[in-house]
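1. Okay, predicted coordinates and the sequence, questions at the end:
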Protein chains: 2
Amino acid sequence: MQKTVVEIEKASHVLKLLGDKTRLTIMAILKQRECCVCELLEVFDMSQPAISQHLRKLKDAGLVKEDKRGQWIYYSLNSQNELYDFIQDILQHIPDQTENIRKIEETNPTLRCGC
Amino acid sequence: MQKTVVEIEKASHVLKLLGDKTRLTIMAILKQRECCVCELLEVFDMSQPAISQHLRKLKDAGLVKEDKRGQWIYYSLNSQNELYDFIQDILQHIPDQTENIRKIEETNPTLRCGC
DNA sequence: TAAGTATATAACTACATACTTATATAAAAC
DNA sequence: GTTTTATATAAGTATGTAGTTATATACTTA
């Protein structure tokens, strides 16, 4: 398969974004499941604005996209990004995030009613 | 082919190192050709200590190895690193560095005699 | 052995960045 | 319409980082 060649400026920018443990984990989770901020909050020991700011950076770089549905904003990987296969080649080496997703689904923050 | 799964801590550390334009370019050059500091100096508009400090970080992370030969220390990619195939998967997307290598060979800093 | 060359280290500085708390915005539920 | 919930933005802070200059170390050559 032909690999996209990425400008060195763009590549280093993406790598810098993924070079943060929190953002890299967010990307690995979003690869498996779209999430809203309140769900990601269950995974990280960190304030809500901190998560929002990380997502902002990922969105500004086009790595994630958002989908506003009612009260929530769902984030997911942006497969339309020109660097998508570059990013996938990186993420394929990152450990499975099922355990973190379990944390989300255990609390299920988008289902407060408990029904 | 089986892809190495890399601990998130180690992966983010490597990605942070590659998230600097200078270091990413150094890695891409070293993929094509071993180099000493004085050769890399021809490529970057930056002081010798700056290059040395970047190489130090790459060496500390095990991404490059050094080979002292007389007056020079030749740096090259460390293929023994446990993350080598992760790094290769990244570097395959980085543009060819032949133009930068031409700059090195034009000046040929390791051949001052001119013979 | 003295001078030149290659590289590393130390100390410093300016800027970037990852958080924090406080507050604003917007939708949903009562 | 007031309260609650989800999210974003603003402002401030502490730390990290990439560069600089000055200097040390080590090898080479005259």
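-> Looks like it came in fine. Numbers count the residues shown, from 1 in each chain, chains lettered A, B, ... in the order given.
2. Helix or strand: which one has the residue most central in space within chain A?
-> The centroid of chain A falls nearest to A:Met27 when counting by C-alpha atoms, centre = their mean (3.2 Å). Using DSSP states H and E, A:Met27 sits in helix A:21-32.
3. Check which residues of that helix are buried.
-> A:Lys21, A:Thr22, A:Arg23, A:Leu24, A:Thr25, A:Ile26, A:Met27, A:Ala28, A:Ile29, A:Leu30, A:Lys31 (16 or more other C-beta atoms under 10 Å in any protein chain shown). C-beta: built from backbone N, CA, C; applies to glycine.
4. Among the residues you listed, which one sits closest to A:Phe86?
-> Using C-beta to C-beta, A:Met27 is the member of those that sits closest to A:Phe86, with 12.3 Å.
5. quick one: A:Glu66 is in a strand?
-> Yes. Checked against DSSP: H, G, I helix; E, B strand; the rest coil, A:Glu66 lies within a strand.
6. What is the neighbour count of it?
-> A:Glu66: 18 surrounding residues under other C-beta atoms under 10 Å in any protein chain shown.
7. And the one 3 residues further on, by the same measure?
-> Here the count is done by other C-beta under 10 Å, and A:Arg69 has 11 residues near it.
8. Show me what it bridges to in the sheet.
-> A:Trp72 (DSSP bridges).
9. Hmm, A:Ile101 is touching A:Gln32, no?
-> Yes. A:Ile101 lies in contact with A:Gln32 (C-beta atoms under 8 Å); the separation is 6.2 Å.
10. Let's verify the closest residue to A:Glu7 other than its chain neighbours: helix, strand, or coil?
-> With sequence-adjacent residues excluded and distances taken as C-beta to C-beta, 6 or more residues apart in numbering or on different chains, A:Glu7 is closest to B:Pro95, at 7.0 Å. Following three-state DSSP, B:Pro95 is assigned to coil.
11. contacting residues around B:Pro95?
-> The contact partners of B:Pro95, taken as C-beta atoms under 8 Å, 6 or more residues apart in numbering or on different chains, are A:Val5, A:Val6, A:Glu7, A:Ile8, B:Ala28.
12. any idea which of the residues you listed is closest to A:Ala50?
-> A:Val6 (28.2 Å).
13. my read: the closest one touches B:Gln92, true?
-> No. The pair A:Val6 / B:Gln92 is not scored as a contact, 10.1 Å apart, by C-beta under 8 Å.
14. Compare those two and say which is more crowded by neighbours.
-> A:Val6 (21 against 13).
15. Please report how far that one lies from A:Val43.
-> Between A:Val6 and A:Val43 the computed distance is 29 Å (C-beta to C-beta, to the nearest Å).
16. now the strands for chain A?
-> Ranges of strands within chain A are A:35-36, A:64-69, A:72-77, based on DSSP state E.
17. mind putting those strands in a markdown table, mean pLDDT included?
-> Formatted as a markdown table, those follow (pLDDT from 0 to 100):
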| stretch | mean pLDDT |
| --- | --- |
| strand A:35-36 | 96 |
| strand A:64-69 | 95 |
| strand A:72-77 | 96 |
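18. May I see these organised as CSV, with distance to A:Val14 added?
-> What follows is the strands of chain A, written out as CSV (distance: least, C-beta to C-beta, whole Å):
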stretch, distance to A:Val14
strand A:35-36, 20
strand A:64-69, 12
strand A:72-77, 13
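19. Out of these, which one sits most buried?
-> strand A:35-36 (a mean of 24; mean count of other C-beta atoms under 10 Å in any protein chain shown).
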